[in-house]
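1. Provided below are the primary sequence and the corresponding predicted coordinates.
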Number of protein chains: 2
Amino acid sequence: MNSKAKQRVSPSVIRRLPKYRRCLLELQSRGIQRISSKELSRITGFTASQIRQDLNNFGGFGQQGYGYNVEELFKEVGGILGLDKEYNVVLIGFGNLGQAVANYLQNKIGFNLCAIFDINPNLIGTELCGVKVRDAKEIKDFLKINNADIGIITTDKGSAQSTADLLCSGGVNGIWNFAPLDLVVPSSVVLENVHLSDSLYTLAYYINNQNQQNKPE
Amino acid sequence: MNSKAKQRVSPSVIRRLPKYRRCLLELQSRGIQRISSKELSRITGFTASQIRQDLNNFGGFGQQGYGYNVEELFKEVGGILGLDKEYNVVLIGFGNLGQAVANYLQNKIGFNLCAIFDINPNLIGTELCGVKVRDAKEIKDFLKINNADIGIITTDKGSAQSTADLLCSGGVNGIWNFAPLDLVVPSSVVLENVHLSDSLYTLAYYINNQNQQNKPE
């Protein structure tokens, strides 16, 4: 629990934090050590005032006349997001999307993929970077003896809710759902969705209403 | 251009529309013909007042004391999003993620995947449901003689900007970007990102701040 973030912060602010972090990482890779909110505004597309307000939710971090120290702010934003911690992750559904997400996770420090599950006998027993694909029937037993913080659902729509139920009763704290439906989970479990259609349809809207906004955030 | 949507509508409203549509589709599949904003609120998690306000941006559609006609509202929302139109789509990058997105598109009416490109000689020449995987070197020539409305970027980070440049000069109206960077595109091109890390890090935040919100929107 981040002590600086005990008051409720707007979800829009939280969703902007990863973008700040991405920009700060990019700046670091270019050897830039400090940046003003004005320059950060140019890079992120958010207004300087919004950036200052967003960061003020967590204590500010900037200095009048100096701006922000890039390395420090990168670490602070990572800390706010909880990226200084470790998470045990299980993934269910090892089709193309599951494989893409599992591959993606291989490069994510702090997110340790400890088990993959599928129902396809051709996939069960195969491995991805040392992580074995197990029979989906074993999810319940696996979670009895192994701690998992995050469950990723990359199953088809039909299996997603029952998978979520298994994950929740198995004690995960969060679900990262890629299946195209609105899952029902207990209030103690955080649900984050990647709904591809929501994104595609938003794109379609802006293609037809280009005058309204060029770059949907 | 949707005549009902000429005024600028807040991006948050637009991003809620696909969820309304998904709920309305689900209601239709259950044979439900009309719904009140109160019931719609229970299903979507948005307040009834927000739902009414959102839909009022486009003309309302509800009737006092009756609520909404599910089938009509589903069509209206689809029309607002531009889902009554056809889009020619090209996809660049046919790794796991590209294959997952291409498979996903096969079931999306109105989004016609007409070409896939990759640089991998083992993939070039293969097919997905009749769509041939072409050499990425052919993108420019392909777009000279074929109209593409949407370009999907599922390449690695390093190739994403040059791919976007090719797509933009080839005349696409929108880019659906899955690569983990902030692309630069002309203001005439709509850019919609699926940044997996932004979503994963938001999940991490709420796992560490569960008291703030159970279900990040």
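-> Sure, I can see it.
2. Quick check on residue A:53: phi, psi?
-> Torsion angles at residue A:53 (phi, psi; degrees, to the nearest 10) stand at phi -60, psi -50.
3. number of nearby residues for it?
-> For residue A:53, the tally of surrounding residues (other C-beta atoms under 10 Å in any protein chain shown) stands at 14. Where you see a C-beta, it was placed from the backbone N, CA and C, and this is true even at glycine.
4. likewise residue A:169?
-> Neighbour tally, residue A:169, other C-beta under 10 Å: 12.
5. Against the centre of chain A, work out the most remote residue.
-> residue A:65 (33.3 Å; C-alpha atoms, centre = their mean).
6. secondary structure class for that one?
-> coil (DSSP: H, G, I helix; E, B strand; the rest coil).
7. What of residue A:114?
-> Going by three-state DSSP, the state assigned to residue A:114 is strand.
8. do you know how far it is from chain B?
-> 16 Å (C-beta to the nearest C-beta, to the nearest Å).
9. sorry, back to before: ramachandran angles for the residue farthest from the centre of chain A?
-> According to degrees, to the nearest 10, residue A:65 has phi 80, psi -10.
10. For the biggest helix by length in chain A, C-alpha coordinates in CSV please.
-> Determined from DSSP state H, the single longest helix within chain A is helix A:11-29. Provided in CSV are the C-alpha atoms of helix A:11-29 (Å, rounded to 0.1, in the frame of the first residue of the first chain):
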residue,chain,number,x,y,z
PRO,A,11,-9.3,6.6,-12.3
SER,A,12,-8.4,8.9,-15.2
VAL,A,13,-5.3,10.1,-13.2
ILE,A,14,-4.3,6.5,-12.5
ARG,A,15,-4.7,5.6,-16.2
ARG,A,16,-2.4,8.5,-17.2
LEU,A,17,0.4,7.3,-14.8
PRO,A,18,1.7,4.5,-17.1
LYS,A,19,2.0,6.9,-19.9
TYR,A,20,4.0,9.3,-17.8
ARG,A,21,6.2,6.4,-16.8
ARG,A,22,6.7,5.3,-20.5
CYS,A,23,7.7,8.9,-21.4
LEU,A,24,10.1,9.1,-18.5
LEU,A,25,11.7,5.8,-19.5
GLU,A,26,12.1,7.1,-23.0
LEU,A,27,13.7,10.4,-21.7
GLN,A,28,16.0,8.4,-19.5
SER,A,29,17.1,6.3,-22.4
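11. for the helix or strand following it, the distance to its chain's centre please.
-> Note on helix A:11-29: by DSSP states H and E, the next helix or strand toward the C-terminus is strand A:34-35. The chain centroid and the centroid of strand A:34-35 are separated by 26 Å, computed with C-alpha atoms, centre = their mean, to the nearest Å.
12. Pull up the pairing partners for strand A:34-35, direction included.
-> strand A:68-69 (antiparallel) (DSSP bridges).
13. Show me the contact partners of the partner strand.
-> A:33-37, A:40, A:55, A:61-62 (C-beta atoms under 8 Å, 6 or more residues apart in numbering or on different chains).
14. same question, stretch A:134-141
-> A:90, A:92, A:115-119, A:124, A:142, A:163, A:166-167, A:169-170.
15. can you give me the strands for chain A?
-> With strands called from DSSP state E, chain A shows them at A:34-35, A:68-69, A:87-92, A:111-118, A:127-128, A:131-135, A:150-153, A:174-177, A:190-193.
16. which one of the ones you listed has the most crowded surroundings?
-> strand A:150-153 (a mean of 28; mean count of other C-beta atoms under 10 Å in any protein chain shown).
17. Relative to it, what are the paired strands and their orientations?
-> Here, using DSSP bridges, strand A:150-153 pairs with strand A:87-92 (parallel), strand A:174-177 (parallel).
18. In the contacts of stretch A:134-141, find the pair that's most separated.
-> The distance between the two most remote of the contacts of stretch A:134-141 (C-beta to C-beta) is 22.3 Å, for A:124 and A:169.
19. what about residue A:9, distance to chain B?
-> 7 Å.
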